[in-house]
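S.K.: sequence first, predicted coordinates after that:
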Amino acid sequence: MTNADFERIVDTTDDWIVSRTGIRERRIADNGTSTSDMAVAACQEALKMSGCSHEEIDLLILGTVTPDYRLPSCACVVQEKMGLPNAAAFDVVSACTGFINGLSIANSYIASGHAKKALIVGVEKLSAIVNYKDRNTCVLFGDGAGAAVVAGDDSGRGVLSTFMRSDGKMREMLWIKAGGTTHQYSAEHAASGADKVLMNGSEIFKVAVKEMANAVWHVMEDAGIDQSQVSLVVPHQANIRIIEALARRLKVDKDKVYINISKYGNTSAASVPIALDEAYREGRIKEGDHIVMVAFGGGLIWGSALVKW
Ligand code: ACO
């Protein structure tokens, strides 16, 4: 869906969207495609790249705020569709931080010996929860999925540090008011748009830049890695201006920050693994490189991970 497509449905312009967000187009899944279908496509690619068998995966963690059903978890649907007979499967509801939180959990399970090979997928069908009459939000979001296989070894490579924080006080900055148990779904809610994403963009902007920078510094300090040793920062792709402000705050050159927002918009939990995958396929990540992933989202919630590739 291009900016020109939005010019036809809300009062906006390509120029406004590009200058305020950096977004030019997003991918929108068709009606017949569910979140689990996108997750399966990404998981199949990740398994193929890793060389692991379906039987070896003993943990499946799925980050999403747009599951197929309210019950059961989307992870259980993916576990069945993928055919992972030995996997414990569950969702993490951490919005844009879903993949990083999943990675952090998988790292802990593997480090403690409770799992050997984990499949982590960040996936969203945000088009199902976006209000296409609200120009403040609808131009920002897209659908997508990204996945990774994580396994333990003693090579010294892998996850060196992770960091997770939340602040529920700010939950109404980015939320879907109706449809849960506090405000159960009603026709009035649907008519007012309260069953779709509501957001205070400018407030989120300020918190996002500050806390993402803190999260990056935290994992570097924890792992004893100097900023000059970091080859690439892979941030959540919410807004080009947030990413640029983050780079300035970190005093990192923009060419050390991976950016692909123009093609996808904000895909929430899928954003970091899609960016990671594209960076890898473009040759921007090589064995031994130190990579920092960092994300921020509704909750509010934020987190980071420092990986030696
Ligand atoms: N087209 C044209 N005008 C628009 C549009 C649009 N699509 N959307 C808003 N406007 C208007 C507003 O109505 C407002 O008009 P007004 O001054 O007449 O009231 C004007 O543009 C300015 O609005 P602001 O909100 O001040 O614009 P801002 O420069 O802050 O940009 C934006 C808005 C892009 C949403 C920005 O605040 C942002 O990106 N914030 C972060 C949001 C975000 O990243 N959320 C997700 C993070 S968490 C997660 O990823 C799940």
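M.R.: Okay, I see it.
S.K.: burial of Lys288, as a residue count?
M.R.: Not quite, residue 288 is Gly, not Lys. 10 (other CB atoms under 10 Å). Every C-beta, even on glycine, is put in place using the N, C-alpha and C of the backbone.
S.K.: ok, it - contacts?
M.R.: The contact partners of Gly288, by CB atoms under 8 Å, 6 or more residues apart in numbering, come to Arg157, Lys308, Trp309.
S.K.: go on, Asp226?
M.R.: Applying CB under 8 Å, 6+ apart, the residues contacting Asp226 are Met220.
S.K.: in the stretch 1-150 of the chain, which residue sits nearest the ligand?
M.R.: Of all residues in the stretch 1-150 of the chain, the one sitting closest to the ligand is Thr12 (3.3 Å; CB to the nearest ligand atom).
S.K.: how far away is that residue from Val18?
M.R.: Thr12 sits 11 Å away from Val18, going by CB to CB, to the nearest Å.
S.K.: can you check which residues contact both of those two?
M.R.: Counting by CB under 8 Å, 6+ apart, the contacts common to Thr12 and Val18 are Asn3.
S.K.: so which of these two has more stuff around it?
M.R.: Counted by other CB under 10 Å, Thr12 and Val18 do not tie: Thr12 has more neighbours, with 17 against 14.
S.K.: part of a helix, is that one?
M.R.: No: assessed with DSSP: H, G, I helix; E, B strand; the rest coil, Thr12 is coil; it does not lie in a helix.
S.K.: that one and Val139 touch, don't they?
M.R.: Yes: assessed by CB atoms under 8 Å, Thr12 is found in contact with Val139 at 6.0 Å.
S.K.: what is in contact with the two at once?
M.R.: In contact with both Thr12 and Val139: Asn3, Phe6, using CB under 8 Å, 6+ apart.
S.K.: quick check: residues of this structure near the ligand?
M.R.: 12, 16-17, 20-21, 95-96, 135-136, 139, 174, 199, 201-202, 204-205, 238-239, 242, 266, 268, 296-298 (CB under 6 Å from any ligand atom).
S.K.: what does the average pLDDT come to for stretch 94-111?
M.R.: For stretch 94-111, mean pLDDT rounds to 98.
S.K.: what's the offset of that stretch from the middle of its chain?
M.R.: 11 Å (CA atoms, centre = their mean, to the nearest Å).
S.K.: same question for stretch 108-123.
M.R.: The answer for stretch 108-123 is 17 Å, by CA atoms, centre = their mean.
S.K.: in PDB, could you pull the C-alpha coordinates for the helix ranked longest in the chain?
M.R.: The helix that spans the most residues within the chain, counting by DSSP state H, is helix 201-223. Only the C-alpha atoms of helix 201-223 are listed here, as PDB (Å, rounded to 0.1, in the frame of the first residue of the first chain):
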ATOM      1  CA  GLY A 201       2.400  10.000  18.600                       C
ATOM      2  CA  SER A 202       4.300  13.100  19.800                       C
ATOM      3  CA  GLU A 203       4.500  11.900  23.400                       C
ATOM      4  CA  ILE A 204       5.700   8.400  22.400                       C
ATOM      5  CA  PHE A 205       8.300  10.000  20.200                       C
ATOM      6  CA  LYS A 206      10.000  11.600  23.100                       C
ATOM      7  CA  VAL A 207      10.000   8.600  25.400                       C
ATOM      8  CA  ALA A 208      11.100   6.300  22.500                       C
ATOM      9  CA  VAL A 209      14.300   8.200  21.700                       C
ATOM     10  CA  LYS A 210      15.400   8.500  25.400                       C
ATOM     11  CA  GLU A 211      14.600   4.900  26.400                       C
ATOM     12  CA  MET A 212      16.000   3.300  23.300                       C
ATOM     13  CA  ALA A 213      19.300   5.100  23.800                       C
ATOM     14  CA  ASN A 214      19.300   4.000  27.500                       C
ATOM     15  CA  ALA A 215      18.600   0.400  26.400                       C
ATOM     16  CA  VAL A 216      21.500   0.400  24.000                       C
ATOM     17  CA  TRP A 217      23.900   1.800  26.500                       C
ATOM     18  CA  HIS A 218      22.700  -0.700  29.100                       C
ATOM     19  CA  VAL A 219      23.500  -3.800  27.000                       C
ATOM     20  CA  MET A 220      26.900  -2.400  25.900                       C
ATOM     21  CA  GLU A 221      27.900  -1.700  29.500                       C
ATOM     22  CA  ASP A 222      26.600  -5.100  30.700                       C
ATOM     23  CA  ALA A 223      28.500  -7.000  28.000                       C
END
